[in-house]
Each structure stands twice: as C-alpha cells, then as structure tokens.
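need a structure here:
(one chain, ligands or ions: 1)
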Amino acid sequence: MIPPHDNSGVIPTAGEGCSDYQEDLVRFVDGELQGTDLRRFEQHLETCTECRREVSVFQSLKGELQAMGMKQPEIPGGSVWNDVNRKVARPIGWIFTITGFIMYLVYAIYTFVTSSGNLFEKLMIGLLVVGFVVLLATVAWERIVDYRTDPYKGVEK
Ligand SMILES: [Zn+2]
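Reported below is the predicted structural model:
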C-alpha cells in the first residue's frame, strides 16, 4: 500500500490521509521503518499533530509493555509489578508449561499405546522417538556441561 504522494506543496491539514500511514506508524514505533518510508512518514509527522499524538501514545504503550519484560531497568511505580512478575508470575508460567507438557506427553503415550495397530509398529515408532529424544538430550547436555566447565573457551591466556 503506497500512500498518495502530494507534490502540490500544500501542507495537509491534520487528519488528512492518516489512515494511509497507520501501518507506517506502527512500524515507526517499532523502529522498523526505514529508507524512503521513514522519510515520508517523518515528513507527514511534521505536518500532522494527529499522528504525532498517536506516536506518543504508542510509544508510552510500548514502554509499558517492555516494563513487564525482564530487560527493562526498574521504573518507579513499575518495580512492584516487576517484582511480582519475577518472583511469582514466571515460576507459575514455568510450572504450568511443564505440567501441561508432561500431561500432554502422558496423554499422547496413552493414546499411542491404546490405539489400534500392531505391536511391532508401535515398538518401532516408540524406539525411533525415544532414540531421537535421547540423542537430542545428550547433545543439549554436552553443550551445557561444556559451557559450565569451560567458560573461557576460546579465550587466549
Ligand atoms: Zn497523520
């Protein structure tokens, strides 16, 4: 979607053609707007109070969303939520995720075992899946051990 280009030199009044910039506005706030799109939008911003207002609204909204994440430094007023998030919400999230995963696994195994199909077929697929998971786990474990026992790997002494 390309917004209509205005070459007449007439300064557009607030609100004019703003719907064309809706997509650009979101990308601008996300820092994804680049090149000619960025220049065009910035030009529009200079002349459009309506879009400037929307940009600031989006930016404050974005800031609040980031405050809920872990990377954001502590903000006055937001620190309580950060604390709750770190101490309560995240462990609960993990517990739910892991519990759900295990339940799903049990369910999947149960349906697999009780499904029709001959035993040999089940054994074959079962071995294949288990073997693959074990391989993955050992590779992952090696990586973790490597990382822990030798944090200065590749650093010349
Ligand atoms: Zn506008």
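
Next secondary structure element downstream of the helix or strand of the chain with the lowest mean pLDDT?
Least confident element among the helices and strands of the chain, by mean pLDDT, DSSP states H and E: helix 79-84 (a mean of 70). Using DSSP states H and E, the helix or strand that directly follows helix 79-84 along the chain is helix 90-114.

average pLDDT for that following helix?
The average pLDDT within helix 90-114 is 87.

Flag the shaky bits of this protein, pLDDT-wise.
For the chain, the stretches with pLDDT under 70 are 1-16, 69-79, 81, 150-157.

again, only using 90
For the chain, the stretches with pLDDT under 90 are 1-20, 22-23, 26, 30-31, 58-98, 105, 107-127, 129-130, 138-157.

Which residue ranges make up each domain of it?
The chain breaks down by automatic domain parsing into domains covering 18-68, 116-150.

do you know which of the ones you listed lies nearest the ion?
Nearest to the ion among those is domain 18-68; the distance by CB to the ion comes to 3.2 Å. Bear in mind the C-beta positions are built from the backbone N, C-alpha and C, glycine included.
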